[in-house]
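*Asks:* Pasting a predicted model and its sequence here:
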Amino acid sequence: MIGELNSNVPEGDIEGLWTQHKFDMKLVNPANKRKFKVIVVGTGLAGASAAATMGELGYEVEAFTYHDSPRRAHSIAAQGGINGAKNYQNDGDSVYRLFYDTVKGGDFRSREANVYRLAEVSVNIIDQATAQGVPFARDYGGLLDNRSFGGAQVSRTFYARGQTGQQLLLGAYSALMRQVHEGTVALHTRKEMVDLIVKDDKACGIVVRDVITGKVTSHSAHAVVLATGGYGNVYYLSTNAMMCNVTAAWRAHRKGALFANPCYTQIHPTCIPASDEFQSKLTLMSESLRNDGRIWVPKSHDETRAAADIPEDERDYYLERKYPSFGNLVPRDVASRNAKTVVDEGRGVGELKNGVYLDFADAIARDGEDTIRAKYGNLFDMYERITGENPYQTPMRIYPATHYTMGGLWVDYNLMSNLPGLFAIGECNFSDHGANRLGASALMQGLADGYFVLPYTVGNYLAPLLGTDPVDTSDPVFTEAEAEVNEQNQRWLSINGTKSVDHYHRELGKLVWNYIGMERDKNGLEKAITEIAALEEEFLANVRVLGSADTLNQSLEKVQRVADFFELALLKARDALDREESAGGHFRTESQTEEGEAKRDDERFQHVAAWEWTGKGNDPVRHQEELTFDYVLPSQRSYK
Amino acid sequence: MSNTLNLTLKVWRQDGPNGAGRFESYEANGIADDASFLEMLDVVNERLIEDGQEPITFESDCREGICGTCGIMINGKAHGPQKGTATCQLHMRKFSDGDNITIEPWRAESFPILKDLAVDRSALDHIIEAGGYITVNTGGAPDANLIPVPKEAADMAFDAAACIGCGACVAACPNSAAQLFTSAKLQHMNLLPQGQPERWDRAENMVETMEMFFGSCTNHGECHEACPKEISLDFIAFLNRDYVKAKIKNRKLLGQN
Amino acid sequence: MAQTIRQASGGPEGPIRERKKPLPYPLSLYQTAVGKKYVMALTGVGLLGFVVVHMIGNLHVYEGPAKMAEYAETLRTLGGGLVPRETVLWILRAGLIAMFGLHIHSAYTLKEMSRLSSPSAGFVAGNKKYAGGQEFIAANFASRTMRWTGPIIALYLVFHLADLTWGWVNPDFHHGDPHNNVIESLSNPGIAAIYVVANVALAIHIYHGAWSMFQSLGINNPKINQGRRHLAMGLAGLILVGNLSFPLLTATGVINDDDRECPPGDLVCLEEELLEKEGGHSE
């Protein structure tokens, strides 16, 4: 039923492509904008910026979040920074270089035209955020400061101490609240999207559940925008927030939207290792720490001494040893996999031998403790709060954890999915990062989509719909979906099994981490598929959800999210199994260079895998969007 | 390295916004001191579910001290005993074996309890809605380096902007005043050059909206002590000054700040 | 649209009080809590000034009945011959009464505002109560008892006026002879105890008030912030020491009537005595 995937990338020279496209797209007359209703689900960076901007333009926007306030979205937790090709530091940066770095960083699995546009609007984001009052770091002349981040050879990262995400989100949130005040955006807090409504092959609305009252209601619009984030919590332990989930995107997938590249997951190398079974999440320590910290493990497998007592010649600074030119600043996936290798060898550190050292002793000796405190003080404090160890005296212990998911809903150049009227922006789509994401690019993509891309492309879709009304919510497509949600909730409550939702989520997470984690192989992935399916069966028969559906019931909220995670996990395993190559965040042990680098197979896999839902229990159908590289020629990545 | 603790919890349970609440006691045995406070509650909840009792409702999201979703009164202290730390970053090593811990929701008239420990803090959003923004439409911004901001001003604005909107200041305040939150949000904008055109309107609107929901500040300073981001009381003084200045300035006549 | 969020979130029905329609400036200031605090701080400054001057003036009691009477007369004849006798004094008194009135009114209305903002408040002293008890960290005894020390001072003020201004409760009151009146009153240990308690309350009130007014007035500068606490402490200490000295030293007999030459209330005699002494000095 789905024909060839059309990315809708216009023809032409990449540098003028977006400008030309903006000119070619249909416009909606300012006076007519208010006749169009747009639903935005999710109010993180992408959602809040999109809702605010469309509100400013004059559309009638309805924004939904399951949080009590848009300011709580997990964009807030990004620490490091946001890239912008401003070249304020005069070190040779340019839009083209950011584009080049991003395509290369994505291991040649992203769409060139999208990435170029991302780099192009990155400069506008910095302007916009600054004008909103985002307090980026400044130098003594009062101008904006930059730092190099995540292996970039230029300093293009703008930052706000260790909380760039919070400050950018507060900027987008304030813009959103201004529109709420103006009356152009109606904000619905504590509403969780539980279904997407499609009529006549067009997305026309959503069904939401009020998490306080349990009431299920429908909302219709001319277009639906999903900005609902990534699915990292399929691993249970991740740096994502407790409530992050795939449900909104997954329900859209079940209604016909293609899900692209679910196997691409970014594992962040600098997180605090888990300390026990009850661990609920992993905490990320900003990657910027690698600018000054040195990563090492003991050379010996049965080292028992404290870090300070291990002499220099018995330490293995493995990143500096293996990658002399990049050293501790190798890309995230390389750093992560190398940590896994040394820990698997039994050279891990800490009580559970599940981490590697990130040592600041040399930096403190070189720059003084005060300088280090000024740079990383809040991160060091956070580390101490969590572990009870003082990183000024003993090296930090770090280990990789799931951080970001590059896969997501398939979208074309206009950020529209294969379902007309359904748009996906931010982490929730698959579009710009390819197989791996560069540091400080997530905030950039969320805001690029929300502020500068979607508000244009949505008009192109809406313009021909002038004069039509949104589908009435009393239409059977809505009422039947509402009834189904209510029935499903009653089913969850009536299972009354023996194990909690968290128990199954944790068990699922272990399977996904072990088989579809940093390294995957055919055997493991096949096992994953059977084991996940078996666990899912048990989950559906034996989960215990107490309470009722008409009050605040966190178990009930969680159970339907975990149910979606099970289905996603199966697809993820499936995607990873079929992609018989290594690329960025997807590492198949069967496909590596002699040096242990990810080895792509461009002949067979230079494409996007976009999966079609064919019903529960049926095999999903794999569609392909071929990728071409006319500007950045694919090369084997090497960070030697 | 890690020890285990046996604790007695006295937890506020309330079925819904209109229900009457009550304290219930729970034994929390064998809690590792590496666990965070919320992970301790997770463990208690797992055990409650096993026993067929509804788990304790409490809110949390990022669990790294930045989203401001969590917030519990622990033994009469907002966010518990550790200074500058949100509940999610509080770890059990701050407690001792055999401790009795009283756990309550934030309390203020404008923070109605939704269930157990979860409260509604949307009143804080209304204060932002009233003026906690700089009016700049997308696309209309000048180059970011066009307006230099003195580093001191930028740093000070940042100190204010660090507020995570958790509501601990209101919870801890004997008057249920929201001065610390409002002053942080107000001064984040008012200290920056970008925020000057709307400075006086912003001060008036945010303060007067705040007063629709919250009590009056009597300069106790409890809010600062409770604040996980240690926002300074100085901002409250700035708020007072800006508000009175805003009232004095006859902007309509002068057309200037 | 604000209402949309309200209904949508299932949250509170609405704000607990409406935003007032603004009165003309400067009355508009007094409509809000921040403005009221401003008024409270400004009147506090005025009242504090009065308390300090009053205390310093009262030190004349150590110079004997004649000097004390002269001080009292000076207050009545402020302004010299330019204005009728007691005009300036009454203007000052009117100012004080107005300041007291505003200070008390703002305190009461602000307390009510806070009470209504906190649900389970056992509220007289303005502290909401957590069932699990609330551990105060920054709030000190002074800040938490402003709403106790305030009424104590107000009641004391009435008593003080009845005692030494109007003489209603003074056993042997003579208009214009404060030295006599003070000793008559304070030599009674019960009365002296009232003065002690009230002035301790006053000092505590000043300790928080003097610091707090800087915050309320928005006077905040890193250079002076440390000094604000010290100033408050110093002022409270000064008032405490000065004002407690009167009842304590009277009760212990240090301030006494032993050297008195004129009968109580004989103002002519007191004036002559003064002239005599000063004449003696000048020779």
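*Replies:* Received it, and whenever you're ready, just let me know what you need.

*Asks:* Can you get me a residue count around residue 207?
*Replies:* You didn't say which chain, so I picked chain A. A count of neighbours around A:V207, defined by other Cβ atoms under 10 Å in any protein chain shown, yields 26. C-betas here are computed from N, CA, C, even on glycine.

*Asks:* if you could check chain C rather than the one you did, that'd help
*Replies:* So C:Y207, with other Cβ under 10 Å, has 25 neighbours.

*Asks:* Chain neighbours aside, what residue packs nearest to it?
*Replies:* Among residues not flanking C:Y207 along the chain, C:A236 sits closest, at 3.9 Å (Cβ to Cβ, 6 or more residues apart in numbering or on different chains).

*Asks:* Look up how far chain B lies from that neighbour.
*Replies:* 15 Å (Cβ to the nearest Cβ, to the nearest Å).

*Asks:* Now do the contacts for that residue.
*Replies:* C:A203, C:I204, C:I206, C:Y207, C:A210 (Cβ atoms under 8 Å, 6 or more residues apart in numbering or on different chains).

*Asks:* Next: A:S110.
*Replies:* Per Cβ under 8 Å, 6+ apart, neighbours of A:S110: A:T102, A:V103, A:S431, A:D432, A:H433, A:G434, A:A435, A:L627.

*Asks:* Can you classify the fifth one as helix, strand or coil?
*Replies:* The assignment at A:H433 comes out as coil when based on DSSP: H, G, I helix; E, B strand; the rest coil.

*Asks:* could you list every residue that touches it?
*Replies:* A:H433 touches A:T102, A:G105, A:G106, A:S110, A:Y264, A:M406, A:S441, A:Q445, counting by Cβ under 8 Å, 6+ apart.

*Asks:* if we can go back for a sec, what's the farthest-apart pair in the contacts of C:A236?
*Replies:* C:I204 and C:A210 (11.1 Å; Cβ to Cβ).

*Asks:* low-confidence ranges in chain A?
*Replies:* Within chain A, the ranges that satisfy pLDDT under 70 run A:1-3, A:639-640.

*Asks:* In it, which residue sits closest to chain B?
*Replies:* Relative to chain B, the nearest point of chain A is A:G142 (3.0 Å; Cβ to the nearest Cβ).

*Asks:* ok, that residue - contacts?
*Replies:* So A:G142 contacts B:P148, B:V149, B:P150, B:K151, B:A154 (Cβ under 8 Å, 6+ apart).

*Asks:* now do 10 Å
*Replies:* B:N145, B:I147, B:P148, B:V149, B:P150, B:K151, B:E152, B:A153, B:A154, B:P193 (Cβ atoms under 10 Å, 6 or more residues apart in numbering or on different chains).

*Asks:* And the pLDDT for the third one?
*Replies:* So that's B:P148. Looking at B:P148, its pLDDT stands at 95.

*Asks:* Is B:S232 part of a helix or strand, or is it coil?
*Replies:* Classified using three-state DSSP, B:S232 is coil.

*Asks:* What separation do you get for it and chain A?
*Replies:* For B:S232, the distance to chain A - Cβ to the nearest Cβ - is 15 Å.

*Asks:* Next, count neighbours for the closest residue to chain A within the stretch 1-150 of chain B.
*Replies:* At 3.0 Å from chain A, B:P148 is the closest residue in the stretch 1-150 of chain B, using Cβ to the nearest Cβ. Close neighbours of B:P148, defined as other Cβ under 10 Å, add up to 15.

*Asks:* Pull the contacting residues for the residue nearest to A:V103 when sequence neighbours are not counted.
*Replies:* Excluding the flanking residues, the one nearest A:V103 by Cβ to Cβ, 6+ apart is A:V632, at 4.3 Å. Residues near A:V632 by Cβ under 10 Å, 6+ apart: A:96, A:99-104, A:106, A:108, A:110, A:112, A:115-116.

*Asks:* shared neighbours of C:I204 and C:A210, which are they?
*Replies:* Common neighbours of C:I204 and C:A210 (Cβ under 10 Å, 6+ apart) are C:A142, C:A236.
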